[in-house]
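Q: using only what follows, build the 3D model:
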Amino acid sequence: MSVSDRSVRPEEAVVVPVVSILTPTYNHEKFIGSCIQSVLRQGFRKWELIIIDDGSNDGTVDVVQGYSDHRIRCIRNPHRGVEGLAHTYNEALGKSKGEFIAILEGDDLWPDDKLSTLVPVFGNPAIVLAYGGVRDCSPDGTLSAQPNGDVRRHQGLPDSVLGNFPRGSAGLYMTRADAISLIPESAVVIRRTALEKIGGFQYVPEMCVASYPTFLRLSLLGEFYYTPQIMGFRRRHSASASIRYAAQILSGVQKYAFEFHRQLPQDLVDPQISQIEKTWQLIPYSLQFTAGRVSLVEKRWRDARGHFLKALSPRRPRIFLASLLGWLFAGFHRDLETTLGWFGKARLTTDPLGGSSSTE
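A: Below you'll find the model as predicted:
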């Protein structure tokens with residue numbers, strides 16, 4: 001099916017979904033069409049797409065309703081915000097029928113072979129979660145020139161961490177501040193029975209994310225499957241929840257990470273705990289750098305210089321150099337995003353594709 005063909009093939013009318021794709025969306029009018037089209041392009045066709053709209057006040061729902069494929073459903077809810085994301089996922093989970101569950105937020109995309117690559121690996125009954133790498137892209141869909149830090153980190157990790165054996169190995173690694181995004185949401189497929197065994201997507205008050213505690217809990221149940229292939233495209237813009245709520249998210253994640261240690265075998269935790277604690281000491285510099293980027297994009301020059309100045313730490317050489325550059329650019333009222341793009345980072349904008357966007 002071409003991305004422009006919105007009709008239903010006769011032979012698809014009786015297809016029982018094997019994969020249920022859960023898509024939360026809010027004010028994604030500019031993105032939801034390409035998100036849906038990336039699902040329609042999947043070589044693996046036994047899927048259903050359940051879109052949960054969080055009270056959008058733009059044309060998001062109109063775009064969704066323009067697709068007549070019977071496998072696509074849209075549920076409209078009053079606005080909950082990111083704090084209710086776990087409840088949104090669990091509502092979609094309760095309405096789904098698939099043996100496997102995939103996550104695809106309304107501003108993200110998939111490569112055409114996402115499902116055909118990951119679904120077959122569940123022939124191994126020990127696998128509870130399968131994932132791959134993710135590539136960042138700008139609001140207009142332009143891919144970053146280089147793999148992001150998570151993908152580069154994968155390349156140096158042992159199979160025991162990537163594959164979660166013994167059980168809990170991946171979860172323990174993800175309690176490091178620099179590893180919380182080891183498993184990208186858009187690059188995941190989950191065995192439904194495992195997800196139901198832990199009670200569905202995990203709600204942690206004030207964390208604003210559901211995937212992180214869910215993946216940690218799943219790491220206690222079985223093995224993971226990892227492929228270095230790109231299995232998702234993550235759109236980066238300053239209106240995204242991961243950027244707007246970065247400080248709040250990390251605060252909740254840090255608290256949960258150390259609580260999670262109590263659920264792990266101590267012979268796994270004890271040798272690494274001091275190093276894990278050190279990684280969290282460096283987080284404030286990353287937060288200041290991100291705040292500086294957003295301020296610079298929004299042309300709040302003085303705020304940007306203040307954030308970049310606070311991010312200058314020789315303990316984080318890459319952030320130190322980028323923050324120094326940002327401080328200089330803010331002084332001259334210049335754009336930093338193009339320069340960062342040369343080094344592989346997706347550009348941030350405040351006005352994606354000429355319209356408003358928010359995942360609040």
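
Q: name the surrounding residues that touch stretch 330-341.
A: Contacting residues not belonging to stretch 330-341 are listed as 138, 144-145, 292-293, 295-297, 299, 301-302, 304-305, 308, 322, 325-326, 329, 345, 347-349 [Cβ atoms under 8 Å, 6 or more residues apart in numbering]. Where C-beta positions appear, they are placed from N, C-alpha and C, glycine not excepted.

Q: repeat that with 7 Å
A: 145, 293, 296-297, 301, 304-305, 308, 325-326, 329, 347-348 (Cβ atoms under 7 Å, 6 or more residues apart in numbering).

Q: so which of those sit within helices?
A: 293, 296-297, 301, 304-305, 308, 325-326, 329 (DSSP state H).

Q: which among these count as buried?
A: With neighbours counted by 16 or more other Cβ atoms under 10 Å, those contain buried members at 293, 296-297, 301, 304-305, 308, 326, 329.

Q: of all the residues you listed, which two lie farthest apart?
A: Across those, the two members that end up farthest from each other (Cβ to Cβ) are V297 and R305, 13.9 Å apart.

Q: what's near enough to touch W47?
A: 17-19, 21, 39, 71, 115.

Q: make JSON lines out of those residues and add distance to L220.
A: As requested, the contacts of W47 are exported to JSON lines (distance: Cβ to Cβ, whole Å):
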{"residue": "P17", "distance to L220": "27"}
{"residue": "V18", "distance to L220": "25"}
{"residue": "V19", "distance to L220": "24"}
{"residue": "I21", "distance to L220": "25"}
{"residue": "V39", "distance to L220": "30"}
{"residue": "R71", "distance to L220": "33"}
{"residue": "L115", "distance to L220": "26"}
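
Q: any idea which of these is closest to T60?
A: After measuring these against T60 - Cβ to Cβ - the closest member comes out as V39, at 15.7 Å.

Q: quick one: the closest residue to that closest one other than its chain neighbours from R316, how far?
A: Spatial nearest neighbour of V39, excluding adjacent residues (Cβ to Cβ, 6 or more residues apart in numbering): L49 at 5.4 Å. According to Cβ to Cβ, to the nearest Å, L49 stands 40 Å off from R316.

Q: the two: which is more packed in?
A: For the pair L49 and R316, the greater number of neighbours falls to L49 (25 against 19), based on other Cβ atoms under 10 Å.

Q: which residues touch the lengthiest strand in the chain?
A: Identified as the longest strand of the chain according to DSSP state E is strand 223-235. Among residues not part of strand 223-235, those counted as contacts by Cβ under 7 Å, 6+ apart are 31, 107-111, 114, 117-118, 121, 126-137, 139, 154, 162-165, 170, 184, 186-187.

Q: tell me the contacts of the closest residue in space to Y89 that isn't next to it in sequence?
A: Closest residue to Y89 in three dimensions, ignoring its sequence neighbours and counting by Cβ to Cβ, 6+ apart: F201, at 4.1 Å. With contact set as Cβ under 7 Å, 6+ apart, F201 has these partners: 86, 89-90, 93, 210, 214.
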